[in-house]
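Trainee: Can you look at this prediction? I've put the sequence above it.
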Amino acid sequence: MSAFAANPYYDRAPTAEVSQKVQHTVIVRTAENLRKLNELLAAGWRVMHSTAFAEGAAMVVIEAEGDHASISEFRQVFGAPLGSA
């Protein structure tokens, strides 16, 4: 038996939905690729890492965070609905 009272917080499920993170890798080679990347950033994605990939190209790791509904929306903007990648 403990001298400390049990915390009722652990006896019930959290009411708020758990936040999720999704990451994708994007290769930017052309001006059109860069425009698409800017669209993703405007939609709420953020750059986590970038590096030179090949001559004239860059590899960019982007991430989105939110609840299940917002992650689904982010993936739709990316063109990769759940289950497609």
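Mentor: In hand now; what should we look at?
Trainee: how many neighbours does Glu39 have?
Mentor: Using other CB atoms under 10 Å, Glu39 has 12 other residues around it. Glycine gets a C-beta too; all of them are placed from N, C-alpha and C.
Trainee: now Ala42: how far from Arg35?
Mentor: Going from Ala42 to Arg35 by CB to CB, to the nearest Å gives 11 Å.
Trainee: can you confirm Ala69 is in a helix?
Mentor: Yes. Using DSSP: H, G, I helix; E, B strand; the rest coil, the assignment for Ala69 is a helix.
Trainee: Local confidence estimate at it?
Mentor: What the model reports as pLDDT for Ala69 is 81.
Trainee: how close does it get to Ser50?
Mentor: From Ala69 to Ser50 the distance is 28 Å (CB to CB).
Trainee: Of the two, which one has the most company?
Mentor: Just comparing Ala69 and Ser50: by other CB under 10 Å the higher neighbour count belongs to Ser50, 14 against 9.
Trainee: Quick check: beta-bridge partners of the more buried one?
Mentor: Val60 (DSSP bridges).
Trainee: For it, which residues are in contact?
Mentor: The contact partners of Ser50, taken as CB atoms under 8 Å, 6 or more residues apart in numbering, are Ala58, Met59, Val60, Val61.
Trainee: who wins for most neighbours among those residues?
Mentor: Top of these by neighbour count (other CB under 10 Å): Val60, with 21 neighbours.
Trainee: from what I can see it touches Ala52, true?
Mentor: No. Counting by CB atoms under 8 Å, Val60 stays clear of Ala52, with 10.9 Å between them.
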